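In: kindly generate the corresponding structure for this input.
(chains A and B)
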Amino acid sequence: MHPQLELLLEIQDLRSQRTDMDDGVLGDVESDVFDVRLDEARELLDATVSALELRLDDDVRNRYRSVSSKGPRTVAPVIRGICYGCFMAVATARASVADRNSRVECCEHCGRFLYHVD
Amino acid sequence: MLLRDFFSVETINLDIRAETKDDAIREMVSVFGLDEKSEGILYKMLKRRENLGSTGIGRGIAIPHCRSLVVNRLRVAFGRRLSGLDFKAIDEKPVRFVFLIVAPPLEVSNQYLPVLGKIAQFGKEPDIADALTALESPEDFLALLEARGV
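Out: Have a look, this model is predicted:
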């Protein structure tokens, strides 16, 4: 997997975790069942995301900022040739999943970074 | 929605070999059959969640959980280590039973929260530690879930 794509995945996953902390019900589960201090968790997650964003290459970071200005999901899974960010078909070569994830690719329709699942 | 429907014998390990929390989480992630890179990413996310606060909820139960793009559907696993693991649990006691839950960020079936809630509830049943200790096979675990109707 391309190291920049790996970073993007990690950032996306962390942002999902951050969103869960803000979700009323899930946030309640985290604090009531697991005793998470939500404010501290949010701060830590925000700091971690910021630190990882700095590790993105300049061109990737610029595109990442452009995409994230339009919505929270900057990486979209591609499943059976469909971008699950905009649900449009993406051109997929016959290369293996591993080969496709060895490059940083973006959806030509929505601009999101693509992570090939199958 | 029944918890029994989310588990299979392949994702039930009654004899975790790992001796540390981190290694146990790694060992449990491996039952999902992901490629090495995806396993690494998933493990990192689970660790990051643990950094926000231990998922050891007491009475020997831990429920590490996270969302990640490397899984395309909700996955659950159960692991047991009778000699215990230091999970820095809420009650400061060793964890012997681990329920692992991972889901994609966008999950069509929306079952992440209900499953998390059901497992937390199941883990708080007063006699559950004894029941989980007595298990002799993965099939016994599935039968236990069915018997409890969770």
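In: ok, and what's touching the longest helix anywhere in chain B?
Out: Across chain B, the longest stretch assigned as helix under DSSP state H is helix B:36-52. For helix B:36-52, contacts defined as C-beta atoms under 8 Å, 6 or more residues apart in numbering or on different chains pick out A:1, A:6, A:9-10, A:13-14, A:17, A:30, A:36, A:40-41, A:44-45, A:48, B:21-22, B:25-26, B:29-30, B:32, B:34, B:55, B:64-68, B:70-71, B:100, B:102. Using the backbone N, CA and C atoms, a C-beta is placed for each residue, glycine as well.
In: quick one: average pLDDT of that helix?
Out: Per-residue pLDDT over helix B:36-52 has a mean of 94.
In: next one: stretch A:18-30
Out: The average pLDDT for stretch A:18-30 rounds to 87.
In: got the CA coordinates for that stretch in PDB?
Out: C-alpha atoms of stretch A:18-30 as PDB (Å, rounded to 0.1, in the frame of the first residue of the first chain):
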ATOM      1  CA  ARG A  18     -13.800  11.800  16.400                       C
ATOM      2  CA  THR A  19     -17.300  11.900  14.800                       C
ATOM      3  CA  ASP A  20     -18.400   9.000  17.100                       C
ATOM      4  CA  MET A  21     -17.400  11.000  20.100                       C
ATOM      5  CA  ASP A  22     -19.700  13.800  18.900                       C
ATOM      6  CA  ASP A  23     -22.500  11.400  18.200                       C
ATOM      7  CA  GLY A  24     -25.000  11.700  21.100                       C
ATOM      8  CA  VAL A  25     -25.700   8.000  21.500                       C
ATOM      9  CA  LEU A  26     -22.300   6.600  20.800                       C
ATOM     10  CA  GLY A  27     -20.700   9.300  22.800                       C
ATOM     11  CA  ASP A  28     -22.900   8.300  25.700                       C
ATOM     12  CA  VAL A  29     -21.800   4.700  25.400                       C
ATOM     13  CA  GLU A  30     -18.200   5.700  25.300                       C
END
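In: what does it contact?
Out: Residues lying outside stretch A:18-30 but in contact with it, judged by C-beta under 8 Å, 6+ apart, are A:36, A:38, A:41-42, A:45-46, A:49, A:72, B:52-53, B:67, B:105, B:113, B:116-117, B:120.
In: just the buried positions in the longest strand along chain B, please.
Out: For chain B, the strand that runs over the most residues, judged by DSSP state E, is strand B:75-85. Residues of strand B:75-85 classed as buried: B:Arg75, B:Val76, B:Ala77, B:Phe78, B:Gly79, B:Arg80, B:Arg81, B:Leu85 (neighbour count, 16 or more other C-beta atoms under 10 Å in any protein chain shown).
In: and the residue lying farthest from the centre of chain A, how close does it get to B:Ile90?
Out: Within chain A, A:Asp32 marks the point farthest from the mean C-alpha position, 27.2 Å out by C-alpha atoms, centre = their mean. A:Asp32 sits 12 Å away from B:Ile90, going by C-beta to C-beta, to the nearest Å.
In: show me the shaky parts of chain A.
Out: Applying pLDDT under 70 to chain A picks out residues A:92-95.
In: what segments of chain A are strands?
Out: Under DSSP E, chain A gives strands at A:75-79, A:82-83, A:113-116.
In: list of residues touching the lowest-mean-pLDDT helix or strand in chain B?
Out: When the helices and strands of chain B are scored by mean pLDDT, DSSP states H and E, helix B:112-123 comes last with a mean of 91. For helix B:112-123, contacts defined as C-beta under 8 Å, 6+ apart pick out A:25-26, A:29, A:33, B:1, B:3, B:6, B:57, B:59, B:61, B:63, B:65, B:67, B:74, B:76, B:97, B:99, B:101, B:103, B:128, B:145, B:148, B:150.
In: that concludes my questions; thank you for your assistance.
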